[in-house]
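J.: show me the folded form of this:
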Amino acid sequence: MLRVTGLNTYYGTGHILQGVDLEIEKGQIAAVLGRNGVGKTTTVRSIMGLVPPRSGEVWLGDTNMAGWAPYRVARAGVAYVPEGRMIFPDLTVIDNLRVAERRPAKIWPMERLLELFPALADRRTHKGSQLSGGEQQMLAVARALITDPTVMLFDEPSQGLAPLVVRELVGVIHRLRDEGVTVLLVEQNLKLAEAVGDIVYVMVKGRMMYRAPIAQFQLEREAVKSKYLAL
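T.: Next up is the predicted model:
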């Protein structure tokens, strides 16, 4: 479903992604772990077209999207939940969703989203700036879903959230997998990654240094943490 091969991305002269490879089958959840500054966010931004890679391929099914403009990637069926949520603070919950709805959603229409996120239904007329951090995160997820994506990219979705909200997020991500949505999750929260991931990748200095199914990762967790994730 989503396959990245040999991705090289630069910021100016800085070589951030150095031949990144990853692959996710339809309906799978892949979690990418890594310390700050190793290139996790650049990976999802490169896939989304926000930072065009200089070389490499980004395959969605049989289509190579590498270098496409973000609007073309979105129209192909990829949605992005960015770090920091980036909702519109002066728009209501409903208007934040309407802005993202290019055409009437068939799989995730407004009514279904408000059923999935009852807190948003209760606060539908509130502005984005009036929502809690958890509500803003759920709004960011709902805004992505209203585009009826086949692939969802999550960048540090648990950042700054209370444990109760993180558990709710876990339930939402599982629901997406059950609906056949493919998920790429970039995280530092190891517990969240283990709770939802089918495959775990570990990134170090712009390269994927480890890949394993979740069962294997759980057996090797301490060794992987010591080798790649410890400060």
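J.: in the protein, where is pLDDT below threshold?
T.: 231 (pLDDT under 70).
J.: now the helices for it?
T.: Using DSSP state H, the helices assigned to the chain run over residues 40-48, 70-75, 93-100, 110-116, 118-122, 133-145, 163-178, 190-196, 214-224.
J.: and those helices as a markdown table, adding mean neighbour count and distance to N8?
T.: For the C-beta atoms, the positions are set from N, CA and C on the backbone; glycine is no exception. Formatted as a markdown table, the helices of the chain follow (neighbours: other Cβ atoms under 10 Å; distance: least, Cβ to Cβ, whole Å):
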| stretch | mean neighbour count | distance to N8 |
| --- | --- | --- |
| helix 40-48 | 24 | 9 |
| helix 70-75 | 15 | 18 |
| helix 93-100 | 19 | 30 |
| helix 110-116 | 16 | 37 |
| helix 118-122 | 15 | 39 |
| helix 133-145 | 23 | 27 |
| helix 163-178 | 15 | 29 |
| helix 190-196 | 19 | 25 |
| helix 214-224 | 14 | 25 |
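J.: and the residue positioned nearest the centre of the chain, how far is that from G12?
T.: Nearest to the geometric centre of the chain sits F154, at 1.5 Å (Cα atoms, centre = their mean). Distance, F154 to G12, by Cβ to Cβ, to the nearest Å: 27 Å.
J.: about what we covered before: who does the residue nearest to the centre of the chain form a beta bridge with?
T.: Counting by DSSP bridges, F154 is bridged to V81, L185.
J.: make 140 the first number, not 1, from now on.
T.: Sure thing, new numbering starts at 140, so read that last one as F293.
J.: need the contact list for it.
T.: F293 makes contacts with 183, 220, 312, 322-326, as judged by Cβ atoms under 8 Å, 6 or more residues apart in numbering.
J.: let's go with 7 Å and repeat that
T.: Contact analysis of F293 by Cβ atoms under 7 Å, 6 or more residues apart in numbering lists 220, 322, 324-325.
J.: specify which member of those residues is nearest to G166.
T.: The closest of the contacts of F293 to G166 turns out to be V322 (Cβ to Cβ; 8.8 Å).
J.: which residue, other than its chain neighbours, is closest to the closest one?
T.: I168 (4.3 Å; Cβ to Cβ, 6 or more residues apart in numbering).
J.: next: P221.
T.: Using Cβ to Cβ, 6+ apart and skipping residues adjacent in sequence, the residue nearest P221 is D294, 5.4 Å away.
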